[in-house]
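Peer 1: Quick check, what structure comes out for this input:
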Amino acid sequence: MRVARSPAFAAFAGFFGVMLACTTFVAQQQMPRLPELLTVELPRVEIAVKVDREASYFDDLRAQVRWVPTKVGRATMMAPDFESRLLLAKSAAERAGLGQLGLSYKDVYAIINAETSWAPRTGASRDGTPNLGIAQFEPATAKALGIRDPDDPVEAVHAAAVHIKEAALWSEDRLRTLKLGKAERAEKLREGISIYYNLSTRGRNQWNGLNTAQLPVETQRHIANARYGVQEVSQLESQLRS
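Peer 2: Residues are numbered from 1 along each chain as shown. I've put the predicted structure just below:
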């Protein structure tokens with residue numbers, strides 16, 4: 001049954017409805033707004049992919065390396081032939097970005113030549129710490145460079161190029177205040193690379209760019225052998241072309 005409503009009741013109901021709507025609007029304005037739900041796109045995890053690609057790249061290089069008997073002093077050892085050395089040195093120099101510092105694959109060749117004449121073997125530092133593989137890394141250095149197998153020539157030569165870059169930056173910093181000509185600075189830069197590669201932190205920090213003759217004889221020999229290595233690779237590469 002429909003109930004008749006008086007005009008007064010209708011007016012009151014209308015007024016109450018307006019008040020309720022206003023109250024609701026004010027309450028909505030005063031309520032703190034919740035932050036909108038954001039969709040965050042996480043970066044893709046590519047570590048495994050990079051490792052796989054690097055492993056595949058190194059496998060391809062290993063397949064191209066040819067080993068030949070090589071005279072080292074009075075001993076005969078197995079070492080990569082000259083073309084294989086060039087292959088590894090050029091790849092390592094490019095991947096390490098040595099060209100940014102005015103260096104090249106010849107510097108990689110020279111340092112490995114000074115260390116082992118490219119014949120992988122185990123040596124030892126004065127304190128008896130083993131020096132491993134073709135690049136003669138101590139275990140701690142190999143670990144710091146992320147080497148998984150110091151006896152793997154392909155991995156070791158590429159790590160050596162990274163170490164050479166670190167050495168060049170260190171050498172450049174030591175020479176910063178010296179007034180040197182372009183050729184002399186380049187020669188001193190390479191001295192510093194051998195010093196960094198050959199000595200401990202304490203030993204290398206004694207070098208000021210001018211006192212090379214006061215360093216241990218083994219370090220001076222390393223500098224001379226590396227210098228000869230640059231000349232050797234240039235001569236052999238010239239012969240290879242002709």
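
Peer 1: quick one: the helices in the protein?
Peer 2: 7-30, 47-64, 82-96, 105-116, 139-144, 153-174, 182-198, 201-204, 217-241 (DSSP state H).

Peer 1: Please work out which of those helices is packed deepest.
Peer 2: helix 105-116 (a mean of 25; mean count of other C-beta atoms under 10 Å). Every C-beta, even on glycine, is put in place using the N, C-alpha and C of the backbone.

Peer 1: Turn the helices of the chain into a markdown table, including mean pLDDT and distance to S125.
Peer 2: A markdown table is the format used below for the helices of the chain (pLDDT from 0 to 100; distance: least, C-beta to C-beta, whole Å):
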| stretch | mean pLDDT | distance to S125 |
| --- | --- | --- |
| helix 7-30 | 48 | 74 |
| helix 47-64 | 78 | 27 |
| helix 82-96 | 97 | 23 |
| helix 105-116 | 97 | 12 |
| helix 139-144 | 94 | 11 |
| helix 153-174 | 97 | 16 |
| helix 182-198 | 97 | 10 |
| helix 201-204 | 93 | 11 |
| helix 217-241 | 94 | 10 |
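
Peer 1: Tabulate those helices (TSV), appending distance to N131.
Peer 2: Converted to TSV, the helices of the chain look like this (distance: least, C-beta to C-beta, whole Å):
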stretch	distance to N131
helix 7-30	74
helix 47-64	22
helix 82-96	19
helix 105-116	8
helix 139-144	9
helix 153-174	11
helix 182-198	11
helix 201-204	15
helix 217-241	12
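
Peer 1: For V72, which of those is the nearest?
Peer 2: For these, the distance to V72 is smallest for helix 105-116, at 7.7 Å, taking C-beta to C-beta.

Peer 1: now the angle from the closest one to helix 182-198?
Peer 2: Interaxial angle, helix 105-116 versus helix 182-198 (axes from the mean of the first three to the mean of the last three C-alpha atoms, to 10 degrees): 40 degrees.

Peer 1: Output helix 105-116 as PDB, nothing but the C-alphas.
Peer 2: Output in PDB follows, covering the C-alpha atoms of helix 105-116 (Å, rounded to 0.1, in the frame of the first residue of the first chain):
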ATOM      1  CA  TYR A 105      97.900  -6.400 -29.300                       C
ATOM      2  CA  LYS A 106     101.700  -6.000 -29.500                       C
ATOM      3  CA  ASP A 107     101.700  -5.100 -25.900                       C
ATOM      4  CA  VAL A 108      99.700  -8.200 -25.000                       C
ATOM      5  CA  TYR A 109     102.100 -10.300 -27.100                       C
ATOM      6  CA  ALA A 110     105.100  -8.700 -25.400                       C
ATOM      7  CA  ILE A 111     104.000  -9.200 -21.800                       C
ATOM      8  CA  ILE A 112     103.200 -12.900 -22.400                       C
ATOM      9  CA  ASN A 113     106.500 -13.200 -24.200                       C
ATOM     10  CA  ALA A 114     108.300 -11.700 -21.200                       C
ATOM     11  CA  GLU A 115     106.400 -14.000 -18.800                       C
ATOM     12  CA  THR A 116     106.700 -17.400 -20.500                       C
END
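
Peer 1: Please consider this matter closed, and thank you.
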